[in-house]
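> no sequence on this one, just coordinates:
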């Protein structure tokens, strides 16, 4: 399995018992969706390795208490501490309406209600306090805050996001 075919689920945060159980921090809004998985991919030495789950349960909200097959001691659990955990993209719950995953909208056209087509979404910058759409129009990069009020519609069928940006925001980039 390649990393680009997967999504980041979380990280093996700490050991839980002397029998090799670990706590996986789940980086998700809905940890309960991942309570009964059969396996996960653990990034070990820059490779995704499948780990099969014997048992798991939600622990203190954001953690998944997990017992992997073939990890039966604290020493074995120690070797995977800090490793990142991934699942195939096919396991992401389907989103509907105006909710979307960042990777899903790459390549979508960005259309503004006032200005029409303003370019293609090339990425999402989520390193700042507010995630931003990265939109390319020719050789001009336009950054639009990813605010619910700005997203009029997500049109998956036509691979388009309709935006309702305030006057001046996009105009600033396009010299309108």
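Nice, I can see it. Quick caveat, the model's predicted, so the values are computed rather than measured.
> Surely residue 92 and residue 7 touch.
Yes: applying C-beta atoms under 8 Å as the test, residue 92 and residue 7 come out as touching, 5.9 Å apart. In this view, the C-beta of every residue, glycine as well, is placed from N, C-alpha and C.
> which residues do these two both contact?
Here residue 92 and residue 7 have residue 101 as joint contacts, going by C-beta atoms under 8 Å, 6 or more residues apart in numbering.
> for the longest strand anywhere in the chain, which positions count as buried?
Assignment by DSSP state E gives strand 47-59 as the longest strand of the chain. Residues of strand 47-59 classed as buried by neighbour count (16 or more other C-beta atoms under 10 Å): 48, 51, 53, 56, 59.
> Walk me through which strands the next helix-or-strand element following it pairs with, and which way each runs.
Later in the chain than strand 47-59, the nearest helix or strand by DSSP states H and E is strand 63-68. Strand pairing for strand 63-68, using DSSP bridges, gives strand 22-26 (antiparallel), strand 47-59 (antiparallel).
> mind putting these in CSV, mean pLDDT and distance to residue 15 included?
Formatted as CSV, those follow (pLDDT from 0 to 100; distance: least, C-beta to C-beta, whole Å):
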stretch, mean pLDDT, distance to residue 15
strand 22-26, 96, 6
strand 47-59, 95, 13
